[in-house]
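Asks: For reference, the sequence and a predicted model appear below.
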Amino acid sequence: MDTSKVGELIYTLRKEKGFTQKQLADQMNISDRTISKWERGYGCPDVTLLSNLSKLLGVNIENILDGEVLSNEFIGGNMKKSKYFVCPSCNNIVLATGNITLSCCGRKLEALQAMKASDEEKLTIEEVDNERFISSDHPMTKDHYISFIAFATGDHVQIIKQYPEWSFQTRLPLRKHGTLLWYDTQFGLFYQYI
């Protein structure tokens, strides 16, 4: 750990938040001399203070310890290239259009890697009344079900939540062609083109 980089980052973030050393120190119940010491690279925050410092400065603890906050490069707006994340603890679903660092329930989330569905795995799609009726004979048990379905075009993503012990079926407006994705709680993210 480079204490100079950590100190520079704390200084920069403190200024961005509009805190004086004294204001930041008061919120952390420490002396302003301690903040000054960190910013000059003569020490680092104690482990017990990192969580509070992270909240006050609005960055992850990991970034504080690395001494840098890296900006993501802009990735074009093609929604077909979105990344999907699912928390293994609470099944929270997150969609990101670019590179992102996420955590949920205390765990760092990794982007799901979509697998092309085989003919047996594909969802059934029928056109009915100017809509796409999508269904599957998936058993949808409490321990193994399809958690969500998403339809992505270049400029649009629609996500529909699914629930265990309900039959899997949904309707989507008939739109241009795109990518149909779904998340199987045991086997991961699948896709097929429609």
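Replies: Good, I have the coordinates. Residues are numbered from 1 along each chain as shown.
Asks: Phi and psi next, for the most far-flung residue of the chain relative to its centre.
Replies: Distance to the chain centre peaks in the chain at Arg33, reaching 36.9 Å (criterion: Cα atoms, centre = their mean). Main-chain dihedrals, Arg33, degrees, to the nearest 10: phi -70, psi -30.
Asks: And it, how far from Thr97?
Replies: Separation of Arg33 from Thr97 (Cβ to Cβ, to the nearest Å): 44 Å. In short, each C-beta sits where N, CA and C put it, glycine included.
Asks: In contact with the closest residue to Met79 other than its chain neighbours: list those residues for me.
Replies: Distances taken as Cβ to Cβ, 6 or more residues apart in numbering put Val157 closest to Met79, at 4.7 Å, once the chain neighbours are dropped. Residues counted as contacts of Val157 (Cβ atoms under 8 Å, 6 or more residues apart in numbering) are Met79, Ser82, Leu95, Ala150, Phe151.
Asks: The first one: what's it in contact with?
Replies: By Cβ under 8 Å, 6+ apart, the contact set of Met79 is Thr97, Ala152, Thr153, Gly154, Asp155, His156, Val157.
Asks: Just the buried ones from these?
Replies: The neighbour count (16 or more other Cβ atoms under 10 Å) marks Ala152, Val157 as buried among the contacts of Met79.
Asks: Where do the strands of this protein begin and end?
Replies: Using DSSP state E, the strands assigned to the chain run over residues 83-86, 93-96, 102-104, 107-109, 115-116, 124-128, 131-135, 146-152, 157-161, 169-173, 179-184, 188-193.
Asks: low pLDDT regions in the protein?
Replies: 71-77 (pLDDT under 70).
Asks: can we see that at 80?
Replies: Within the chain, the segments meeting pLDDT under 80 span 70-78, 175-176.
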